[in-house]
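K.L.:
prediction below, plus the sequence it came from.
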Amino acid sequence: MKTLRDYQSMGYVLSDDITYQSGYVSRKADMSKQIVYEAKGSRKGQFYVLAPCFKSTRYCYRQYLKKGV
């Protein structure tokens, strides 16, 4: 499994495209060590990482990656 750090070294950056997802990610989590997942359905082929949400412990953020310039 590749982490955010691996994808950033390949030229990907975090985009402003953020959605809520049910689940919990620790607020102490190191973002560079988060696992990158591939989306399914209508966003097939896009990569995302789960980030902590500071508004609720029942949800986390799904932040998509985009190819950097």
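P.N.:
Yep, that arrived. Computed from a predicted model, the values in this text were never measured in an experiment.

K.L.:
how about the secondary structure of the residue nearest the centre of the chain?
P.N.:
Central residue of the chain (Cα atoms, centre = their mean): residue 49, 1.5 Å from the mean position. Look at residue 49: counting by DSSP: H, G, I helix; E, B strand; the rest coil, its state is strand.

K.L.:
can you give me the neighbour number for the closest residue to it other than its chain neighbours?
P.N.:
Closest residue to residue 49 apart from its sequence neighbours, by Cβ to Cβ, 6 or more residues apart in numbering: residue 34 at 4.7 Å. Using the backbone N, CA and C atoms, a C-beta is placed for each residue, glycine as well. Residue 34 is flanked by 18 other residues according to other Cβ atoms under 10 Å.

K.L.:
re the thing from before, for the residue nearest to the centre of the chain, which residues are in contact?
P.N.:
Residues near residue 49 by Cβ atoms under 8 Å, 6 or more residues apart in numbering: 4, 14, 31, 34, 35, 36, 37, 62, 63, 65.

K.L.:
now, those residues that are in strands?
P.N.:
Members of those lying in strands (criterion: DSSP state E): 14, 36, 37, 62, 63, 65.

K.L.:
which of those sit farthest apart?
P.N.:
Spanning the widest gap among the ones in strands among the contacts of residue 49 are 14 and 37, at 13.9 Å by Cβ to Cβ.

K.L.:
got phi/psi on residue 22?
P.N.:
Backbone torsions of residue 22, given as degrees, to the nearest 10, read phi -70, psi 130.

K.L.:
does it touch residue 56 like I think?
P.N.:
No. Counting by Cβ atoms under 8 Å, residue 22 does not reach residue 56; the two are 10.0 Å apart.
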